[in-house]
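> Pasting the sequence and the predicted coordinates here, then a few questions.
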Amino acid sequence: MNQAVERIKNGLVTENPTFVQILGMCPTLAVTTSAINGIGMGLSTTVILIMSNLMIAALRNVIPNRVRIPAYIVIVASFVTIVDFLLQAYLPGLSESLGSYIKLIVVNCIILGRAEAYASKNKVLPSVFDGLGMGLGFTVGLTSIGIVREILGAGTIFGVTIPYYKPIGIFVLAPGAFIVLAFLIAVLNAGRLRKAKAEGTEAKLCRTEDCLHCSNASCGGRFIDFEAPEGVIGQTAVKKPEKKVEEKNEEQEVRTDE
Amino acid sequence: MDTGKEQSSSALNENKKENEKLIRKISSSPHVRSEDSTAGIMLDVIIGLLPASIMGVYNFGLPAFIRILICIACCAASEWIFELITKRRITVGDFSAVVTGLLLALNLPPTLPWWQAVLGSIFAIIIVKQLFGGIGQNFMNPALGARCFLLLSFAQTMTHFTYDAVTTATPLALMKAGEPVNVLQMFLGSTAGTIGETSTAAILIGAAYLLIKRVIDIRIPAAYLGTFSICILIYALASGRGFDLMYLAAHLCGGGLMLGAVFMATDYVTSPITPVGRLIYGALIGILTFVLRSPWNPTTSAEGVSYSIIIANLLVPIIERFTMPRSFGKGAVKHE
């Protein structure tokens, strides 16, 4: 049971697909024009994620390694089709507003990522909870972006109009999605930094394996610890090396003065 | 991979140690000192914008004057407050925020609700400029970024134009609808439009001042207007108007083209620094403006200057990468 709680917490907070892993950006940016759309998309993905993780974990010893990706896609596509038809039958309004993005869950990198990284290597039950955690994390991400965009861009909360508020149209358009996502990630990262500072640890903010594959030019290598043991990636080591350098500087200065 | 990481880290540390000794004695380039300062250049730009602002106030009266004051005050205030909160160096004194505010106001219709002008100013300074690192770091022109933000958010009030208290379409929109326009009025500025864009004559006076003071480089506006004119003349010939210079003049005087070419495409931060790059950049904006104005399609917007300039702004790093001159002695071009 502990493992189940750990998996769900991992998906919701530690490795939140939207705000930490920045995965599945296509639906995140495209369908979050309202809170309801965010919830609908998030829950559909959650269902598919749980079912596909279950199947893939159950078949993990049967699927040959070479053809695993096509096999995963067949499994995922079957569940996507089921969910798509169920939505069309019972929630036609939501199905219409989500459009082709339900069908595009087939190529959602969260689902293939979890299959590859977790379900194909673990037992069925933990895989199900991994799917549940990741799916809920995705749902929370999409819904929070959807709520902010709906309030700012349409002046409504879950369809209820806010009185005396003039909506700012850009937030229901594509640029608004980028702005809201960036601000939410910035707020969350600020919280992580503050928490890490209070605990005296370093926050992990790197999202890539090394500086070569990272596009964040403004970081300038500040978050990479070159002296870290192998396998430890993205642990910020800002303070330790810099302090050493500063001390050396002072020593050198003294020497040059002499 | 693993050994490479270790090597790079050790090499980096050694380099650091060697560099520590040198860094303190050598300052980085440029070594040539000049009397030019950011504040001086920005003041020149403000002087260059004065004729257009005065014409705007003369045309549209007190509302235009109030919009200009609101935008300038809000831009300067949001810059000051943001830098105060984030504990950065206060850069209000270099007047760059004032220029942004003035330019933004000149790009707004005089009837725009005041709170929308405030919102635009805050967006320009905080989101487009400060979040990307402040002056010198913004990836697109802050005033134009804010104008497009307002255009996307409040399309109704941003495209509502009046002249002499009568709601009318802008000359460009009239042209698109196939109605005749008075080019002389468009040149002098007694037409509907945003506060600063109507009077081509006033903008040209400001442009002359900036060119004489060498604040702006002739290459960008020349390439821009030249490419745009060629496109329009080809279109005029192809659409059966013949070699219609009056049609060209109306297109050049209409909308924000002159204001954009002189004051916004030439922004130091968001335009290329290489001479060839500036020509490419100007030509790119010219073609984009022509395509976005699309005179052949009556259903699209008549205006397209702001979008073309911010799209070209985004391409500036690529233009600079390919037009960077080779340093002396770095070898000839390899023919393979």
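Looks like it arrived, so ask away.
> Report how many residues lie close to the closest residue to B:E83 other than its chain neighbours.
Counting by CB to CB, 6 or more residues apart in numbering or on different chains, B:I90 is the residue found nearest to B:E83 once chain neighbours are left out, at 5.1 Å. Heads up, the C-betas are built off the backbone N, CA and C, glycines and all. Each residue near B:I90 was counted by other CB atoms under 10 Å in any protein chain shown, and the total is 11.
> Ok, the one 5 residues further on next?
Around B:F95 there are 22 other residues, counting by other CB under 10 Å.
> where does the closest residue to it other than its chain neighbours land on pLDDT?
If the residues on either side of it in the chain are set aside, B:F95 comes closest to B:M42, at 3.7 Å by CB to CB, 6+ apart. Among the per-residue scores, B:M42 shows a pLDDT of 93.
> show me where the stretch 1-150 of chain B has helices.
For the stretch 1-150 of chain B, the helices defined by DSSP state H, counting those that start in this stretch cover B:2-23, B:38-60, B:62-85, B:96-106, B:114-122, B:142-153.
> so what does the longest one touch, helix or strand wise?
Here helix B:62-85 is seen to pack against helix B:38-60, helix B:96-106, helix B:114-122 when contacts are counted using 3 or more CB pairs under 8 Å, 6 or more residues apart in numbering or on different chains; DSSP states H and E.
> And the last one, by the same measure?
On a contact count with 3+ CB pairs under 8 Å, 6+ apart, helix B:142-153 meets helix B:96-106, helix B:114-122, helix B:305-323.
> Show the end-to-end separation of stretch A:21-30, please.
When the termini of stretch A:21-30 are compared using CA to CA, to the nearest Å, they are 18 Å apart.
> That one near chain B anywhere?
No. Under the criterion of CB under 8 Å from any CB of the partner chain, stretch A:21-30 makes no contact with chain B; the nearest approach is 15.6 Å.
> rewinding a little: most tightly surrounded among the helices and strands packed on helix B:142-153?
Relative to the other members of the helices and strands packed on helix B:142-153, helix B:96-106 carries the highest mean neighbour count by mean count of other CB atoms under 10 Å in any protein chain shown, namely a mean of 28.
> Now do that helix and helix B:114-122, the angle between them.
Angle, helix B:96-106 to helix B:114-122, by axes from the mean of the first three to the mean of the last three CA atoms, to 10 degrees: 140 degrees.
> Show me what helix B:96-106 is in contact with.
By CB atoms under 8 Å, 6 or more residues apart in numbering or on different chains, the list of residues contacting helix B:96-106 from outside reads B:38, B:42, B:45-46, B:49, B:52-53, B:56, B:67-68, B:70-76, B:78-79, B:91, B:117, B:120-121, B:124-125, B:129, B:135, B:141-143, B:146-147, B:194-197, B:259, B:263-264.
> Buried only: go through the residues you listed for me.
Those of the contacts of helix B:96-106 that meet the buried threshold are B:42, B:45-46, B:49, B:52-53, B:56, B:67-68, B:70-72, B:74-76, B:78-79, B:91, B:117, B:120-121, B:124-125, B:129, B:135, B:141-143, B:146-147, B:194-197, B:259, B:263-264, by 16 or more other CB atoms under 10 Å in any protein chain shown.
> Export the helices and strands packed on helix B:142-153 as JSON lines, with columns for mean pLDDT and distance to A:Q21.
Conversion of the helices and strands packed on helix B:142-153 to JSON lines gives the following (pLDDT from 0 to 100; distance: least, CB to CB, whole Å):
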{"stretch": "helix B:96-106", "mean pLDDT": "95", "distance to A:Q21": "36"}
{"stretch": "helix B:114-122", "mean pLDDT": "95", "distance to A:Q21": "32"}
{"stretch": "helix B:305-323", "mean pLDDT": "93", "distance to A:Q21": "27"}
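> A helix includes A:K121, no?
No. Checked against DSSP: H, G, I helix; E, B strand; the rest coil, A:K121 lies outside a helix; its state is coil.
> now it: how far from A:F129?
Distance of A:K121 to A:F129, computed by CB to CB, to the nearest Å: 15 Å.
> Kind regards, and thank you for your time.
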